[in-house]
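**Q** Got a predicted structure here, sequence first:
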Amino acid sequence: MTARDVLFISLDSCRYDTFAAAHRAGLLPHCAAVGPLHRAMAPSYFTYGSHAAFWMGFTPGVVGSAEPWLNPKAGKLFRMAYAGHGGSDGKQSFQLQGANLIEGFRAQGYRAIGSGAVDWFDPASDTGAVLGAPFERFHFAGNTWSLRSQLAWIEAELEATPPDQPVFVFLNVGETHVPYWHEGASWERWPSPCVPFGGEGCSAALSAQRQRACLEWVDQQLAPLMARFRQGTTLICADHGDCWGEDGLWEHGISHPATLTVPLLLRVRGTAVAGTTSPKTSPSRFRSVLSRLKRWRRARV
(Lines give C-alpha, C1' and ligand atoms only; values in the text may rest on other atoms or scores of the structure.)
Protein backbone atom coordinates (compact mmCIF):
# COMPACT_ATOMS: atom_id res chain seq x y z
CA MET A 1 0.00 0.00 0.00
CA THR A 2 1.09 3.62 -0.55
CA ALA A 3 0.69 6.99 1.16
CA ARG A 4 -2.48 7.59 -0.89
CA ASP A 5 -4.39 4.62 0.55
CA VAL A 6 -6.94 5.10 3.34
CA LEU A 7 -8.29 2.71 5.99
CA PHE A 8 -11.25 3.74 8.17
CA ILE A 9 -12.22 1.39 11.04
CA SER A 10 -15.22 1.92 13.31
CA LEU A 11 -15.33 -0.20 16.48
CA ASP A 12 -19.06 -0.34 17.01
CA SER A 13 -20.19 0.68 20.53
CA CYS A 14 -16.65 0.64 21.97
CA ARG A 15 -16.43 2.78 25.10
CA TYR A 16 -13.42 5.03 25.55
CA ASP A 17 -12.67 3.68 29.02
CA THR A 18 -12.66 0.10 27.75
CA PHE A 19 -10.16 0.98 25.06
CA ALA A 20 -8.04 3.12 27.38
CA ALA A 21 -7.77 0.39 30.02
CA ALA A 22 -6.66 -2.21 27.48
CA HIS A 23 -4.32 0.31 25.85
CA ARG A 24 -2.63 1.17 29.18
CA ALA A 25 -2.14 -2.53 29.87
CA GLY A 26 -0.38 -2.97 26.53
CA LEU A 27 -3.06 -5.36 25.26
CA LEU A 28 -3.76 -3.51 22.00
CA PRO A 29 -0.31 -3.40 20.38
CA HIS A 30 -1.52 -3.30 16.79
CA CYS A 31 -4.01 -0.49 17.31
CA ALA A 32 -1.44 1.37 19.41
CA ALA A 33 1.01 1.20 16.51
CA VAL A 34 -1.32 3.40 14.49
CA GLY A 35 -0.79 6.39 16.79
CA PRO A 36 -1.51 7.88 20.24
CA LEU A 37 -4.90 7.32 21.82
CA HIS A 38 -7.17 10.37 21.95
CA ARG A 39 -10.32 10.84 23.99
CA ALA A 40 -12.85 12.17 21.51
CA MET A 41 -16.53 13.02 21.21
CA ALA A 42 -18.58 11.16 18.60
CA PRO A 43 -20.97 13.13 16.37
CA SER A 44 -23.90 10.94 17.46
CA TYR A 45 -24.98 8.30 19.98
CA PHE A 46 -26.09 5.59 17.55
CA THR A 47 -24.59 3.87 14.52
CA TYR A 48 -26.50 5.47 11.68
CA GLY A 49 -26.16 9.00 13.02
CA SER A 50 -22.40 8.81 13.50
CA HIS A 51 -21.66 7.13 10.18
CA ALA A 52 -23.85 9.57 8.28
CA ALA A 53 -21.73 12.31 9.87
CA PHE A 54 -18.51 10.42 9.11
CA TRP A 55 -19.46 10.29 5.44
CA MET A 56 -19.56 14.11 5.50
CA GLY A 57 -16.13 14.40 7.14
CA PHE A 58 -17.37 14.98 10.69
CA THR A 59 -15.20 12.40 12.44
CA PRO A 60 -14.88 12.27 16.28
CA GLY A 61 -13.36 15.42 17.74
CA VAL A 62 -11.06 16.01 20.70
CA VAL A 63 -12.42 18.58 23.16
CA GLY A 64 -9.92 21.38 23.71
CA SER A 65 -7.76 20.55 20.70
CA ALA A 66 -6.87 23.18 18.13
CA GLU A 67 -5.26 20.51 15.96
CA PRO A 68 -6.74 19.95 12.48
CA TRP A 69 -8.01 16.38 11.98
CA LEU A 70 -8.27 15.77 15.74
CA ASN A 71 -10.79 18.62 15.86
CA PRO A 72 -12.87 18.61 12.66
CA LYS A 73 -13.86 22.23 13.35
CA ALA A 74 -10.20 23.23 13.14
CA GLY A 75 -9.75 21.19 9.98
CA LYS A 76 -11.38 18.05 8.59
CA LEU A 77 -9.19 15.17 7.46
CA PHE A 78 -11.82 14.38 4.82
CA ARG A 79 -12.88 17.78 3.55
CA MET A 80 -16.09 17.75 1.52
CA ALA A 81 -16.73 20.75 -0.71
CA TYR A 82 -19.21 23.17 0.88
CA ALA A 83 -19.51 21.03 4.05
CA GLY A 84 -19.20 23.51 6.88
CA HIS A 85 -16.19 25.50 8.07
CA GLY A 86 -13.10 24.79 5.99
CA GLY A 87 -10.60 24.87 8.84
CA SER A 88 -6.94 25.74 8.57
CA ASP A 89 -5.35 22.68 7.00
CA GLY A 90 -6.87 22.39 3.56
CA LYS A 91 -3.61 21.64 1.79
CA GLN A 92 -2.92 18.46 3.72
CA SER A 93 -6.49 17.19 4.05
CA PHE A 94 -8.17 14.95 1.51
CA GLN A 95 -10.13 17.41 -0.63
CA LEU A 96 -13.25 15.65 -1.92
CA GLN A 97 -16.28 16.50 -4.01
CA GLY A 98 -19.54 14.61 -4.26
CA ALA A 99 -22.47 13.61 -2.09
CA ASN A 100 -20.17 12.02 0.53
CA LEU A 101 -16.54 11.12 1.11
CA ILE A 102 -16.88 7.69 -0.55
CA GLU A 103 -18.11 9.25 -3.77
CA GLY A 104 -15.37 11.84 -3.38
CA PHE A 105 -12.65 9.20 -3.25
CA ARG A 106 -14.16 7.31 -6.18
CA ALA A 107 -14.19 10.50 -8.24
CA GLN A 108 -10.43 10.70 -7.67
CA GLY A 109 -9.88 7.19 -8.98
CA TYR A 110 -9.94 5.30 -5.70
CA ARG A 111 -11.48 1.86 -5.38
CA ALA A 112 -13.94 2.18 -2.48
CA ILE A 113 -14.40 -1.04 -0.51
CA GLY A 114 -16.59 -1.33 2.59
CA SER A 115 -17.88 -3.92 5.03
CA GLY A 116 -20.45 -3.45 7.77
CA ALA A 117 -21.26 -5.81 10.64
CA VAL A 118 -24.28 -4.36 12.42
CA ASP A 119 -27.80 -4.20 11.02
CA TRP A 120 -27.65 -0.49 10.19
CA PHE A 121 -25.55 -1.59 7.17
CA ASP A 122 -28.04 -4.18 5.92
CA PRO A 123 -28.63 -3.37 2.22
CA ALA A 124 -31.94 -5.22 2.36
CA SER A 125 -33.36 -2.34 4.43
CA ASP A 126 -33.96 1.11 3.01
CA THR A 127 -32.00 2.72 5.85
CA GLY A 128 -29.08 0.31 5.67
CA ALA A 129 -28.79 0.72 1.93
CA VAL A 130 -28.02 4.42 2.39
CA LEU A 131 -24.74 3.79 4.23
CA GLY A 132 -23.42 1.12 1.89
CA ALA A 133 -24.71 2.36 -1.47
CA PRO A 134 -21.85 4.79 -2.32
CA PHE A 135 -19.18 2.05 -2.26
CA GLU A 136 -17.98 0.37 -5.42
CA ARG A 137 -18.00 -2.90 -3.51
CA PHE A 138 -19.83 -3.35 -0.19
CA HIS A 139 -20.16 -6.43 2.00
CA PHE A 140 -22.77 -6.74 4.73
CA ALA A 141 -21.65 -9.52 7.04
CA GLY A 142 -25.20 -10.59 7.91
CA ASN A 143 -24.00 -11.42 11.40
CA THR A 144 -22.70 -8.88 13.90
CA TRP A 145 -19.89 -11.21 14.99
CA SER A 146 -18.21 -11.81 11.62
CA LEU A 147 -14.85 -10.04 11.69
CA ARG A 148 -12.83 -12.92 10.30
CA SER A 149 -15.12 -13.33 7.29
CA GLN A 150 -15.17 -9.55 6.76
CA LEU A 151 -11.37 -9.46 6.75
CA ALA A 152 -11.21 -12.36 4.32
CA TRP A 153 -13.59 -10.52 1.99
CA ILE A 154 -11.55 -7.31 2.21
CA GLU A 155 -8.34 -9.22 1.54
CA ALA A 156 -9.84 -10.76 -1.59
CA GLU A 157 -11.02 -7.35 -2.78
CA LEU A 158 -7.59 -5.82 -2.21
CA GLU A 159 -5.97 -8.63 -4.15
CA ALA A 160 -8.39 -7.95 -7.02
CA THR A 161 -7.51 -4.24 -7.08
CA PRO A 162 -5.00 -3.13 -9.75
CA PRO A 163 -1.65 -2.43 -8.05
CA ASP A 164 -1.55 1.17 -9.25
CA GLN A 165 -5.08 2.05 -8.07
CA PRO A 166 -5.42 3.68 -4.62
CA VAL A 167 -8.04 2.31 -2.22
CA PHE A 168 -10.40 3.60 0.43
CA VAL A 169 -11.34 0.77 2.79
CA PHE A 170 -14.01 1.02 5.46
CA LEU A 171 -14.63 -1.62 8.12
CA ASN A 172 -17.35 -1.62 10.78
CA VAL A 173 -16.46 -4.08 13.58
CA GLY A 174 -19.37 -5.70 15.43
CA GLU A 175 -17.69 -7.74 18.16
CA THR A 176 -17.51 -4.72 20.48
CA HIS A 177 -21.28 -4.24 20.13
CA VAL A 178 -23.70 -5.80 22.64
CA PRO A 179 -23.71 -8.59 23.74
CA TYR A 180 -19.87 -8.29 23.54
CA TRP A 181 -18.94 -11.64 22.06
CA HIS A 182 -16.36 -12.93 19.60
CA GLU A 183 -15.72 -16.16 17.78
CA GLY A 184 -14.17 -18.69 20.16
CA ALA A 185 -15.08 -16.71 23.30
CA SER A 186 -15.19 -18.64 26.59
CA TRP A 187 -18.72 -17.39 27.37
CA GLU A 188 -22.07 -17.81 25.65
CA ARG A 189 -23.22 -15.07 23.31
CA TRP A 190 -26.52 -14.61 25.13
CA PRO A 191 -27.88 -13.32 27.45
CA SER A 192 -26.32 -9.89 27.11
CA PRO A 193 -24.98 -8.17 30.24
CA CYS A 194 -26.25 -4.87 28.80
CA VAL A 195 -29.80 -4.38 27.51
CA PRO A 196 -31.90 -1.24 26.97
CA PHE A 197 -33.52 0.07 30.17
CA GLY A 198 -31.47 -2.33 32.30
CA GLY A 199 -32.78 -5.28 34.21
CA GLU A 200 -31.78 -7.99 36.65
CA GLY A 201 -29.16 -9.51 34.33
CA CYS A 202 -27.37 -6.25 33.54
CA SER A 203 -23.85 -5.85 34.90
CA ALA A 204 -21.44 -2.98 34.29
CA ALA A 205 -18.51 -5.09 35.49
CA LEU A 206 -19.34 -8.00 33.19
CA SER A 207 -20.01 -5.65 30.27
CA ALA A 208 -16.59 -4.04 30.74
CA GLN A 209 -14.87 -7.41 31.06
CA ARG A 210 -16.43 -8.83 27.93
CA GLN A 211 -16.08 -5.73 25.76
CA ARG A 212 -12.41 -5.51 26.70
CA ALA A 213 -11.84 -9.19 25.86
CA CYS A 214 -13.55 -8.62 22.51
CA LEU A 215 -11.40 -5.59 21.84
CA GLU A 216 -8.21 -7.53 22.56
CA TRP A 217 -9.35 -10.28 20.17
CA VAL A 218 -10.24 -7.69 17.52
CA ASP A 219 -6.79 -6.10 17.81
CA GLN A 220 -5.15 -9.41 16.95
CA GLN A 221 -7.45 -10.01 13.98
CA LEU A 222 -6.88 -6.53 12.56
CA ALA A 223 -3.09 -6.73 12.70
CA PRO A 224 -2.42 -7.81 9.08
CA LEU A 225 -4.85 -5.26 7.61
CA MET A 226 -3.47 -2.37 9.64
CA ALA A 227 0.09 -3.38 8.75
CA ARG A 228 -0.80 -3.13 5.05
CA PHE A 229 -1.77 0.52 5.52
CA ARG A 230 1.29 1.44 7.60
CA GLN A 231 2.47 3.97 4.99
CA GLY A 232 -1.01 5.29 4.30
CA THR A 233 -3.80 6.86 6.34
CA THR A 234 -5.57 4.91 9.09
CA LEU A 235 -8.39 6.25 11.27
CA ILE A 236 -9.66 4.06 14.11
CA CYS A 237 -12.55 5.19 16.28
CA ALA A 238 -15.84 4.13 17.79
CA ASP A 239 -19.11 5.42 16.40
CA HIS A 240 -20.48 5.68 19.95
CA GLY A 241 -20.20 3.99 23.35
CA ASP A 242 -22.70 2.33 25.67
CA CYS A 243 -24.18 3.30 29.01
CA TRP A 244 -23.55 0.76 31.75
CA GLY A 245 -25.89 2.04 34.43
CA GLU A 246 -24.69 5.65 34.53
CA ASP A 247 -27.64 7.81 35.58
CA GLY A 248 -29.75 4.66 35.41
CA LEU A 249 -29.19 4.31 31.65
CA TRP A 250 -28.18 1.26 29.64
CA GLU A 251 -26.95 0.64 26.09
CA HIS A 252 -26.93 3.37 23.38
CA GLY A 253 -29.39 5.37 21.32
CA ILE A 254 -29.43 7.95 24.13
CA SER A 255 -27.41 11.15 24.42
CA HIS A 256 -25.05 10.79 27.38
CA PRO A 257 -21.29 11.27 27.99
CA ALA A 258 -20.87 7.48 28.08
CA THR A 259 -22.37 7.08 24.61
CA LEU A 260 -20.60 10.10 23.12
CA THR A 261 -17.05 9.63 24.49
CA VAL A 262 -15.04 7.40 22.16
CA PRO A 263 -11.45 6.37 21.36
CA LEU A 264 -9.69 7.90 18.37
CA LEU A 265 -6.36 6.96 16.79
CA LEU A 266 -5.06 8.53 13.61
CA ARG A 267 -2.16 8.02 11.25
CA VAL A 268 -1.99 10.23 8.17
CA ARG A 269 0.19 9.33 5.20
CA GLY A 270 2.41 7.22 7.42
CA THR A 271 2.74 9.71 10.28
CA ALA A 272 0.99 9.32 13.64
CA VAL A 273 -1.10 12.32 14.73
CA ALA A 274 -0.27 13.32 18.30
CA GLY A 275 -1.94 16.71 18.65
CA THR A 276 -1.81 19.54 21.14
CA THR A 277 -4.28 21.28 23.44
CA SER A 278 -5.17 24.94 23.09
CA PRO A 279 -4.80 26.83 26.42
CA LYS A 280 -7.98 28.73 25.62
CA THR A 281 -10.06 25.59 25.26
CA SER A 282 -8.32 23.08 27.50
CA PRO A 283 -10.36 20.17 28.95
CA SER A 284 -10.08 21.64 32.46
CA ARG A 285 -11.46 24.96 31.25
CA PHE A 286 -14.26 23.14 29.43
CA ARG A 287 -15.18 21.24 32.60
CA SER A 288 -15.14 24.50 34.56
CA VAL A 289 -17.51 26.18 32.10
CA LEU A 290 -19.78 23.13 32.13
CA SER A 291 -19.85 23.14 35.94
CA ARG A 292 -20.85 26.82 36.02
CA LEU A 293 -23.57 26.18 33.46
CA LYS A 294 -25.01 23.36 35.57
CA ARG A 295 -25.05 25.59 38.68
CA TRP A 296 -26.79 28.34 36.71
CA ARG A 297 -29.45 25.90 35.51
CA ARG A 298 -30.08 24.62 39.05
CA ALA A 299 -30.44 28.17 40.33
CA ARG A 300 -33.17 28.85 37.76
CA VAL A 301 -35.25 25.81 38.72
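**A** Right, received. Where do you want to start? These numbers come from a predicted model, not from an experiment. Residues are numbered from 1 along each chain as shown.
**Q** Kindly list the main-chain dihedrals of the closest residue to residue 250 other than its chain neighbours?
**A** Nearest residue to residue 250, sequence neighbours excluded (C-beta to C-beta, 6 or more residues apart in numbering): residue 198, at 4.4 Å. (Each C-beta comes from the backbone N, C-alpha and C, glycine too.) Residue 198 adopts backbone torsions of phi 80, psi -160, taken as degrees, to the nearest 10.
**Q** list the contacts for residue 198?
**A** 245, 248-250 (C-beta atoms under 8 Å, 6 or more residues apart in numbering).
**Q** Please apply the same query to residue 110.
**A** When contacts are counted by C-beta under 8 Å, 6+ apart, residue 110 touches 4, 6, 165-168.
**Q** at 7 Å instead, please
**A** When contacts are counted by C-beta atoms under 7 Å, 6 or more residues apart in numbering, residue 110 touches 166-168.
**Q** Let's see which of those end up in strands.
**A** In strands, defined here by DSSP state E, the members of these are 167-168.
**Q** Any chance of the contacts of residue 110 in a markdown table with pLDDT as columns?
**A** Output for the contacts of residue 110, formatted as a markdown table (pLDDT from 0 to 100):
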| residue | pLDDT |
| --- | --- |
| 166 | 98 |
| 167 | 98 |
| 168 | 98 |
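**Q** Can I have the buried ones of the contacts of residue 110 as a ChimeraX selection?
**A** Restricted to buried positions by 16 or more other C-beta atoms under 10 Å, the ChimeraX selection for the contacts of residue 110 reads:
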select :166,167,168
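**Q** Going by distance to residue 273, which of the contacts of residue 110 wins?
**A** Proximity of the contacts of residue 110 to residue 273 (C-beta to C-beta) peaks at residue 168, which lies at 18.2 Å.
**Q** tell me which element the nearest residue to that closest one once chain neighbours are set aside falls in.
**A** Nearest residue to residue 168, sequence neighbours excluded (C-beta to C-beta, 6+ apart): residue 105, at 4.2 Å. Assigned by DSSP states H and E, residue 105 belongs to helix 101-107.
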